[in-house]
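K.L.:
build the 3D model from these lines:
(chains A and B)
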Amino acid sequence: AQSVSQHNHHVILSEAASLELGCNYSYGGTVNLFWYVQYPGQHLQLLLKYFSGDPLVKGIKGFEAEFIKSKFSFNLRKPSVQWSDTAEYFCAVNALMEYGNKLVFGAGTILRVKS
Amino acid sequence: DGGITQSPKYLFRKEGQNVTLSCEQNLNHDAMYWYRQDPGQGLRLIYYSQIVNDFQKGDIAEGYSVSREKKESFPLTVTSAQKNPTAFYLCASSLGTGSYEQYFGPGTRLTVT
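P.N.:
Model prediction:
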């Protein structure tokens, strides 16, 4: 079955550490890729998205993600995390031919940043 | 103030009862979605609607039903047939389906005992 995998369910970092959250998907065709974030007590919101073009995309709050087609990956990065980045992060994939109009989410990664 | 509202925030029901969760949006979006969020499982799609009076089953539709009589409203009924209904339910909407950004509501936490 087609799926979206997030490798780490819990990540704990100290402030100023670098962050990389992994996301892999199992569909080989054209994909649209998203990272959503859920801060404590807040709505799920879009962090960044990739549709086409430059595989390195920049999002809000200093986050970026790189699409590597050969590795079926869309990892999220941030050079220096802050305490306010504590949240749950979800990778999501839309593959029109395979999933139709649906967005498929990964299981999520809970990030805790220690001050 | 545009957005998606879900009510109530917390809902408690006895086993065997149907319960309806409300979702309203004033973003003028055509598409609406219902997800279920369980710890360690991410968001799983229950139902979605691309346009008024039309909806499709998602990955876990069994035990749920929906209606889309108005563009701004997409209520979800959790029926007694749903084996494990206790969960956090999220409603979302988007301009269209597929590659469009989805906007999420605050969620309803349903507890069935």
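K.L.:
how about the residues of chain A by chain B?
P.N.:
A:4, A:6, A:9, A:32, A:34, A:36, A:43-46, A:49, A:51, A:90, A:92, A:94, A:96, A:100-108 (C-beta under 8 Å from any C-beta of the partner chain). From N, CA and C alone the C-beta is placed, and that goes for glycine too.
K.L.:
which of the residues you listed fall in helices?
P.N.:
Among the residues of chain A next to chain B, DSSP state H puts A:L96 in helices.
K.L.:
mind checking which of the residues of chain A next to chain B are buried?
P.N.:
Neighbour-count burial (16 or more other C-beta atoms under 10 Å in any protein chain shown) applied to these gives A:4, A:6, A:32, A:34, A:36, A:43-44, A:46, A:49, A:90, A:92, A:94, A:101-108.
K.L.:
number of nearby residues for the closest residue to A:S73 other than its chain neighbours?
P.N.:
What sits nearest to A:S73 in space, not counting adjacent residues and going by C-beta to C-beta, 6 or more residues apart in numbering or on different chains, is A:N24, at 5.1 Å. Using other C-beta atoms under 10 Å in any protein chain shown, A:N24 is surrounded by 18 other residues.
K.L.:
can you pull the contacts of A:N24?
P.N.:
Contact partners of A:N24, counting by C-beta atoms under 8 Å, 6 or more residues apart in numbering or on different chains, are A:4-5, A:7, A:71-74.
K.L.:
again, only using 7 Å
P.N.:
A:5, A:72-73 (C-beta atoms under 7 Å, 6 or more residues apart in numbering or on different chains).
K.L.:
quick one: B:S99 and A:N32 touch, right?
P.N.:
Yes - using C-beta atoms under 7 Å, B:S99 is in contact with A:N32, at 4.2 Å.
K.L.:
joint contacts of those two?
P.N.:
Both B:S99 and A:N32 are contacted by A:51, A:94, under the criterion C-beta under 7 Å, 6+ apart.
K.L.:
for chain A, what's its nearest residue on chain B.
P.N.:
B:T97 (3.5 Å; C-beta to the nearest C-beta).
K.L.:
and the closest residue to that residue other than its chain neighbours, what does it touch?
P.N.:
What sits nearest to B:T97 in space, not counting adjacent residues and going by C-beta to C-beta, 6+ apart, is A:N101, at 3.5 Å. By C-beta under 7 Å, 6+ apart, A:N101 lies in contact with B:50, B:97-98.
K.L.:
which stretches of chain B have low pLDDT?
P.N.:
B:1-2 (pLDDT under 70).
K.L.:
biggest strand in it by residues?
P.N.:
strand B:42-51 (DSSP state E).
K.L.:
and the nearest residue to B:W34 once chain neighbours are set aside, how close does it get to A:F34?
P.N.:
Spatial nearest neighbour of B:W34, chain neighbours left out: B:I46 (4.3 Å); criterion: C-beta to C-beta, 6+ apart. B:I46 is 19 Å from A:F34, where distance means C-beta to C-beta, to the nearest Å.
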